[in-house]
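> Here is a sequence together with a model predicted from it:
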Amino acid sequence: MKKMNSLNETFKLCKEHNIGISRRLLLTLVNSGEIPSVKAGRSLLVNWEGLMTFLDTHTLNQDEPVSRIRKITA
């Protein structure tokens, strides 16, 4: 497996490995710098090992809320 893949290739690999991540979230993580990437011409190359490390270290605890919607009380 290549270490650096295009955004689309990385998304396809995520689907093949049943990693529940959308293409949009992948792009957001790349743009925020949370996943290592390199811009080569018009393409974004994503580091696969960096993505796996990010997913291993950023997991939700059961105590954390899944959404950021807050309850409105009157």
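Perfect, I can see it now. Numbering: from 1, shown residues only.

> Tell me what Leu44 is bridged to.
Going by DSSP bridges, Leu44 is paired in beta bridges with Lys39.

> Surely it and Leu29 touch.
No - at 11.1 Å, Leu44 and Leu29 do not qualify as touching, with contact defined as Cβ atoms under 8 Å. In short, each C-beta sits where N, CA and C put it, glycine included.

> now the spatially most central residue of the chain, nearest residue through space, not along the chain?
Of all residues in the chain, the one closest to the mean position by Cα atoms, centre = their mean is Leu26, 3.8 Å from it. Nearest non-adjacent residue to Leu26, counting by Cβ to Cβ, 6 or more residues apart in numbering: Phe11, 5.8 Å away.

> packing partners for the helix or strand where the one you found lies?
For Phe11, the enclosing helix or strand under DSSP states H and E is helix 7-16. Here helix 7-16 touches helix 23-32, strand 43-47, helix 48-57, going by 3 or more Cβ pairs under 8 Å, 6 or more residues apart in numbering; DSSP states H and E.

> Tell me which residues are up against stretch 20-39.
Applying Cβ atoms under 8 Å, 6 or more residues apart in numbering, the set of residues contacting stretch 20-39 from outside is 4, 7-8, 10-11, 14, 44-47, 50-51, 54-55, 58.

> Please identify which of those residues is nearest to Arg70.
Of all these, the one sitting nearest Arg70 is His58; the distance, using Cβ to Cβ, is 21.7 Å.
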